[in-house]
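Task: produce atomic coordinates for the following.
(one chain, ligands or ions: 1)
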Amino acid sequence: MQINFKALSKKYQTPYYIYDFDEITKNYKELKEAFKARKSLIAYAVKANSNLSVLKHLKNQGAGADCVSIGELKRALKVGIEPYKIIFSGVGKSDKELELALSFNILMINVESEAELKRLEILSKRQGKIARISIRVNPNIDAKTHPYISTGLNENKFGVDVDLAKRMYIYAKNSPFLEAIGIHCHIGSQLTELSPIIEAVQIVASLVKSLKSLKIDISFFDVGGGLGVRYKDEVLIKIYDYAQAILKSLYALDLTLICEPGRFLVANCGYFVTSVLYEKQNSNKRFVIVDGAMNDLIRPSLYNAYHKIQVLDKTKDISKCNVVGPICESGDFFAKDIELAQTKPQDLLIIHSAGAYGFSMSSNYNTRTRVAELAFFRGEARLIRRRESFEDLISHEEEFL
Ligand code: LLP
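Numbers count the residues shown, from 1 in each chain. The predicted structure is shown next:
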């Protein structure tokens with residue numbers, strides 16, 4: 001069954017996001033199946049798309065959650081994701097966040113610095129608890145992706161190097177308030193090369209082995225997220241190869257495997273739908289001006305990311321243009337110099353691969369209300385987030401004078 005963009009745009013107005021939930025299921029199953037030789041947990045990276053219905057849908061498939069703020073953690077709990085399937089990561093967690101995470105009894109807190117480890121020890125002592133932790137190891141590997149989404153080099157702020165990680169595990173072993181149950185690495189996002197992932201996994205696996213000889217037994221090996229998807233013509237890592245290579249690197253280690261995909265599960269299931277307002281020509285340059293903008297989908301502006309754009313039901317009179325939004329910034333574009341059919345006001349533009357880091361990175365810049373989100377599930381579309389109103393947008397503000 002096809003999504004009827006025309007009817008939906010009439011009913012819900014533009015711009016909006018729509019996510020194909022059956023596609024999400026397919027991606028989830030493919031990944032889970034690839035790891036079937038071992039106990040595994042797919043902890044969805046909530047940041048990619050944190051709509052409650054998306055989370056609930058993934059929970060229903062059996063997914064856990066990888067959260068990077070207490071807000072994300074509360075979302076995961078709200079849709080019923082079992083606490084023992086939840087991981088809390090992030091370089092800068094506040095006391096309040098750590099205390100709440102402890103009280104929620106989640107699977108583990110992923111510690112990213114020595115200072116955090118010591119802080120967590122104090123907080124768990126205060127609560128009379130033992131904090132289950134993993135340590136994020138930064139394996140100093142070049143993930144060969146966009147610098148803004150590369151995380152596995154020593155120059156990045158994430159995790160700790162192998163030697164420090166080892167010392168932290170020894171520290172945790174000697175603390176009555178810490179229990180190290182996991183190990184973690186994540187070298188970056190939109191990865192299209194397998195070798196850096198495998199290199200990282202091997203470095204971390206050898207750390208697991210050396211910890212074993214110190215009688216520190218890790219039960220969970222978290223390989224992070226990062227699997228790339230096809231936005232344009234990327235040659236992707238085959239899921240089977242990815243899983244096999246990881247399983248091979250962990251051979252003879254009795255571990256539950258965790259992975260934290262975000263983009264892989266949702267990116268290509270989502271579309272951002274926007275209407276043409278006008279076309280204009282500035283010194284021979286053609287601009288297609290639409291009602292969506294960088295505040296709704298910031299990836300092109302922020303990373304120069306490519307998203308395929310299609311004019312619904314039109315394929316004639318194709319010429320080069322920039323697709324731009326109404327925001328007062330030259331960086332407000334969805335595409336530059338792409339070939340697009342001639343449009344008229346109200347024509348629909350479908351922006352593809354917008355299910356990950358689309359709505360979740362949106363803002364109210366220019367006092368633009370956040371758009372609606374829809375789910376397409378078993379042939380039917382449903383509203384899963386109503387469009388924000390102006391009143392919603394100003395509801396936390398005071399007129400001071
Ligand atoms: N685990 C950790 C620790 C992460 O930092 C991330 C993403 C993931 C998992 C999920 O990565 P994924 O499977 O989605 O690649 N806004 C950027 C992406 C930022 C990724 C941040 N961390 C974008 O739009 O491309």
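
Okay, buried residues for stretch 125-135 please.
Neighbour-count burial for stretch 125-135, counted by 16 or more other CB atoms under 10 Å, picks out 129, 131-135. Just so you know, the C-beta spots here come from the backbone N, C-alpha and C atoms, and that holds for glycine as well.

typo on my end, it should be stretch 158-168
158-160, 162, 164-166, 168.

Reformat the residues you listed as CSV; add distance to the ligand.
Shown next, in CSV, are those (distance: CB to the nearest ligand atom, whole Å):
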residue, distance to the ligand
F158, 7
G159, 9
V160, 14
V162, 17
L164, 18
A165, 15
K166, 20
M168, 17
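
Which positions in the stretch 251-400 of the chain make contact with the ligand?
Contact residues, the stretch 251-400 of the chain versus the ligand (CB under 6 Å from any ligand atom): 260-264, 299, 303, 356-357, 361.

circling back to that earlier point, please identify which of the buried residues of stretch 158-168 is nearest to E72.
E72 has its nearest neighbour among those in F158, at 16.9 Å by CB to CB.

for the closest one, helix, strand, or coil?
Here F158 is coil, with the state taken from DSSP: H, G, I helix; E, B strand; the rest coil.

For the ligand, what's its nearest residue on the stretch 251-400 of the chain.
G262 (2.7 Å; CB to the nearest ligand atom).

Okay, and which of the buried residues of stretch 125-135 map to helices?
Judged by DSSP state H, helices contain none of the buried residues of stretch 125-135.

tell me which of those residues is nearest to A293?
Among the buried residues of stretch 125-135, and counting by CB to CB, the member closest to A293 is S134, at 39.0 Å.

How about the contacts made by the closest one?
The neighbourhood of S134, defined by CB atoms under 8 Å, 6 or more residues apart in numbering, consists of 87, 108-111, 180-184, 218, 220, 222.

The same query, at a cut-off of 10 Å, please.
By CB atoms under 10 Å, 6 or more residues apart in numbering, the residues touching S134 are 87-89, 107-111, 169, 180-185, 218-222, 258.

Of the residues you listed, keep whichever come out buried.
Neighbour counting by 16+ other CB under 10 Å classes 87-89, 107-111, 169, 180, 182-185, 218, 220-222, 258 among the contacts of S134 as buried.

Tell me which of those fall in helices.
Counting by DSSP H, the buried ones among the contacts of S134 place Y169 in helices.

wouldn't S249 be in contact with A200 here?
Yes: counting by CB atoms under 10 Å, S249 does reach A200; the two are 9.4 Å apart.

Quick check: neighbours shared by these two?
By CB under 10 Å, 6+ apart, the residues touching both S249 and A200 are V223.

and these two? which has more neighbours close in?
Between S249 and A200, A200 has the larger neighbour count (other CB atoms under 10 Å), namely 25 against 20.
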